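*Asks:* Got a predicted structure plus its sequence, pasted below:
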Amino acid sequence: MEAALFDPQDGYYTSRVALGFEGDYLTASDLGPHFARALAKAFVDLWTQLGKPAAWDLVEAGAGRGVFLRDVLGALERERPEAARGARPTIVEVSPRLREQQSAALAGRDLRWASDARALAPVQGVIFANEVLDAFPVHVLVRTADGVREVFVEERGGVLAETLRAPSQSDLGWRVPERLPQGGRWEVSPAAEGWVASLGPALTSGYVVFVDYGGDENELLTRLGAGTLRGFSRHRLISDPYGEPGAHDLTASVNFTAIRRAAEGAGFVFAGRATQRDALIALGIREATARAETPIEQLRALGRRSAIDTLLDPNGFGAFEFVCFAKDAPTDGLRMFAGARSDATGSGSRR
Ligand SMILES: C[S@@+](CC[C@H](N)C(=O)[O-])C[C@H]1O[C@@H](n2cnc3c(N)ncnc32)[C@H](O)[C@@H]1O
């Protein structure tokens, strides 16, 4: 999975990645500026909690096509110029192909770049990542009658096929929950956890906000060990994730229990969690705009409503999780968690 996604020459994110309607999959920012505008409000809240520092870092990790950061900065400048003035926009990105698209989307902006957040220390402000944790490689473990085994991939008759062996690292076996039924699969991502831990030394004071699909350990267990590793190409789930490595996206649902453990181990304090639906509603994404008078305004309003409904769909984007961790910063009273209920169910989008 690591090679298929990040091989320096042929990895999907290195050589092929294509996001948006013309690409392999959509993310929230492909549906217009609504997601970014709502998140801009959340970032202003966090900046306010930090005491409105004159200069602060606004870091997006894994910035895709760069449109989210562009739209956030636009919204801040329009709505909250006092916060926009001191914001130092920064991108952490490993894909050279996406860096090019980000440069184009943010042309004319004074941006900082890094491929590793640790190079940015000391960060004071906000680190945000949408659909990044799901892109890290996972180990797939299976409970068998003979104990826990790991899924390896080997070449058989010219194609890649699964084979079970003893876990590649001794600690992987005990990471599988007792309740996982025999035959059930469980994914563990030391890479994602290590990446979250690497943000600890980078951020001196402020917040980390992750948005992604997945659930806590209990929610993942309700899937009865079906496993969540899957591939996408041209907006379709592909039937064989091992076919044509590097030619398509591979992803797995995020285990937020493991992410929280990694974050707390790195010195962060849990500050809240909500479904995307609840968080965006709490941030006012549905707040009425001016009444549409002309036919063109009415058409625009319809498009806007439909995009917002898609972002809030409880069976799709709306079921994603917003999770926030703080470091040397207050954790109470964050507006994005004001309506939080933990009742995420259903499936949709890349979930
Ligand atoms: C699924 S895309 C999401 C893009 C964007 N956030 C959006 O919502 O459209 C994953 C992003 O994470 C980046 N990425 C993957 N691994 C990374 C890492 N270790 N550090 C920083 N960025 C990473 C990818 O290159 C890509 O930009």
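*Replies:* That came through fine.

*Asks:* what does this protein put close to the ligand?
*Replies:* Residues of the chain that fall close to the ligand, judged by CB under 6 Å from any ligand atom: 13, 19, 27, 29, 61-64, 68, 92-95, 98, 130-132, 135, 195. Heads up, the C-betas are built off the backbone N, CA and C, glycines and all.

*Asks:* switch the cut-off to 8 Å
*Replies:* Residues of the chain lying close to the ligand (CB under 8 Å from any ligand atom) are 5-6, 13, 17, 19, 25, 27-30, 60-65, 67-68, 92-95, 98, 115-117, 129-132, 134-136, 191, 195, 211, 249, 251.

*Asks:* Selection in PyMOL covering whichever of the residues you listed are buried, please.
*Replies:* In PyMOL, this line selects whichever of the residues of the chain next to the ligand come out buried by 16 or more other CB atoms under 10 Å:
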select buried, resi 5+6+13+17+19+25+27+28+29+30+60+61+62+63+64+65+67+68+92+93+94+95+98+117+129+130+131+132+134+135+136+191+195+211+249+251
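
*Asks:* Next, name the residue at the spatial heart of this protein.
*Replies:* Centroid-nearest residue in the chain, with CA atoms, centre = their mean: Glu131, separated by 2.3 Å.

*Asks:* per-residue pLDDT, Ala351?
*Replies:* Quick fix: residue 351 reads Arg, not Ala. Looking at Arg351, its pLDDT stands at 56.

*Asks:* let me fix that: Ala226
*Replies:* Looking at Ala226, its pLDDT is 82.

*Asks:* count of neighbours near it?
*Replies:* When counting by other CB atoms under 10 Å, one arrives at 9 neighbours for Ala226.

*Asks:* and whichever residue of the stretch 151-300 of the chain sits closest to the ligand, what is it in contact with?
*Replies:* Nearest to the ligand, among the residues of the stretch 151-300 of the chain, is Trp195, at 5.5 Å (CB to the nearest ligand atom). Neighbouring residues of Trp195 by CB atoms under 8 Å, 6 or more residues apart in numbering: Leu133, Phe136.

*Asks:* can you check Gly183 too?
*Replies:* Contacts of Gly183 by CB under 8 Å, 6+ apart are Val142, Arg143, Thr144, Gly225.

*Asks:* residues near Ala18, how many?
*Replies:* Neighbours of Ala18 using other CB under 10 Å come to 16.

*Asks:* do the one 5 residues further on as well
*Replies:* Using other CB under 10 Å, the number of residues around Gly23 comes to 19.

*Asks:* quick check, Glu154 in a helix?
*Replies:* No. Glu154 is assigned strand when assessed by DSSP: H, G, I helix; E, B strand; the rest coil, not a helix.

*Asks:* Please name the residues that touch it.
*Replies:* Taking CB under 8 Å, 6+ apart, we find Glu154 in contact with Leu160, Ala161, Thr163.

*Asks:* And the strands in the stretch 51-200 of the chain?
*Replies:* 56-61, 87-92, 112-114, 123-130, 139-144, 147-156, 159-165, 185-188 (DSSP state E, counting those that start in this stretch).

*Asks:* Let me see the mean pLDDT of stretch 133-141.
*Replies:* On average, stretch 133-141 scores 97.

*Asks:* what about dumping the CA coordinates of it to PDB?
*Replies:* C-alpha atoms of stretch 133-141 as PDB (Å, rounded to 0.1, in the frame of the first residue of the first chain):
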ATOM      1  CA  LEU A 133      -5.400  10.000   7.700                       C
ATOM      2  CA  ASP A 134      -7.300   7.700   5.400                       C
ATOM      3  CA  ALA A 135      -4.400   7.800   2.800                       C
ATOM      4  CA  PHE A 136      -1.800   6.200   5.100                       C
ATOM      5  CA  PRO A 137      -0.900   2.600   4.500                       C
ATOM      6  CA  VAL A 138      -2.400   0.000   6.800                       C
ATOM      7  CA  HIS A 139      -1.500  -3.500   8.000                       C
ATOM      8  CA  VAL A 140      -4.500  -5.900   7.500                       C
ATOM      9  CA  LEU A 141      -4.800  -8.500  10.200                       C
END
